[in-house]
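just the structure for this:
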Amino acid sequence: MENHQVVSREEWLDARKKHLANEKEFSRLRDKLSQERRELPWVKVDKEYVFEGPDCNETLSELFDGRSQLLVYHFMFDPSWEEGCKSCSFLADNYSGAITHLNHRDVTMVTISKAPLDKLEAFKKRMDWNFKWVSSFGNDFNRDYHVSFTSEEVEKGETYYNYEVCRFPSTEGPGISVFSKDKNGNIYHTYSSYARGLDMFIGTYNLLDLVPKGRDEAELSYTMEWIRHHDKYAD
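A predicted model of the protein is given here:
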C-alpha cells in the first residue's frame, strides 16, 4: 500500500482500459458458467422431509410457498451450540435483504439448520433477522445434502464435504442447495455448492474486492477470522 505505483491520469486510464478488457472476458465466462449450471441434470427428490417451523411443521414441498424454485441456505448451527456460526451469520446478513426481490422472480429462499427451533428463534431474534428459518433436527436433510457430520467422522478426518472425503474441522458445514418443483408437484434437486462456491452470495466480499486492500485476509490464520457476529464488533 505505501509503495504503490502512482501515475498520471492518462497512464491510469490506459491501465484501466486494459483491465476492463479482462473484466469483460470474466463476465462472459461467468455468464457461460451460469448457463452451464442451469443446464446441469436434475435428481428427483423422493424422500419426504418434514421441518419444524415457527408456525407449524412443513414438508420440503410446502417450503416452496407457491413458487417453483427454492433456495436453501445450510446454516451451520449444531444442536449443542448456543449460537449460530459467525461466518454463516455473515452470509445471512448479506442475503437477508435479497429475499423480497427473489420472491418476485418465482424464488423462495429459506434457511435450514440442524439445531432445534427454539435455539434458531432465539438467535434470529438476537440478530434481528426476518427471513424464514426452519429446523431439520428431526430428519436426515443435513446428512443427505452433506452439511452435517458425526463426531467420529470429524475425528477421523473422513467427512464428505464439497464432493470429496476430506478433513473438516466441525460437525456442521455451510452450503447452498437449489430445488425445483414442477406443475405435478414433483421436486428435483438441481444444484448444491459449498466452501468457496458460496463467495458469490457474499455482497460484502464483492465490495471488498474493489478496494485497495481487498479482503486483507492473507495474514490471518484462516479466511473469515476477522468476522464477528454483527452485534459483537468492538465498536
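
helix, strand, or coil at V134?
strand (DSSP: H, G, I helix; E, B strand; the rest coil).

pull up the gap between it and A115, please.
Distance from V134 to A115, counting by C-beta to C-beta, to the nearest Å: 11 Å. Using the backbone N, CA and C atoms, a C-beta is placed for each residue, glycine as well.

out of these two, which sits in the busier spot?
A115 (24 against 21; other C-beta atoms under 10 Å).

excluding its backbone neighbours, what's nearest that one?
Closest residue to A115 apart from its sequence neighbours, by C-beta to C-beta, 6 or more residues apart in numbering: F77 at 4.0 Å.

so that neighbour touches E121, yeah?
No: in this structure F77 lies outside contact range of E121 using C-beta atoms under 8 Å: 11.6 Å.

more neighbours: those two, which one.
F77 (26 against 14).

contacting residues around that one?
E83, G84, C85, C88, S113, K114, A115, K119, L120, F123, E172 (C-beta atoms under 8 Å, 6 or more residues apart in numbering).

wait, is it part of a strand?
No: counting by three-state DSSP, F77 is not found in a strand; it is coil.

any regions of this protein where pLDDT drops low?
Within the chain, the ranges that satisfy pLDDT under 70 run 1.

list the contacts for G84?
By C-beta under 8 Å, 6+ apart, the residues touching G84 are F75, M76, F77, S113, A115, L120, F123, M127.

now, which of the residues you listed sits nearest L220?
Nearest to L220 among the contacts of G84: M76, at 19.0 Å, using C-beta to C-beta.

now the strands for the protein?
With DSSP state E as the criterion, the chain has strands at 43-44, 50-52, 57-59, 69-74, 107-113, 133-135, 159-161, 164-166, 175-181, 187-194.

which helices and strands sit right next to the third one?
The elements that strand 57-59 packs onto, with contact taken as 3 or more C-beta pairs under 8 Å, 6 or more residues apart in numbering; DSSP states H and E, are strand 50-52.

quick one: the strand it packs on to chain centroid distance?
From the chain centre to the centre of strand 50-52 is a distance of 20 Å (C-alpha atoms, centre = their mean, to the nearest Å).

next: stretch 183-202.
Centroid displacement of stretch 183-202 relative to its chain, using C-alpha atoms, centre = their mean, is 9 Å.
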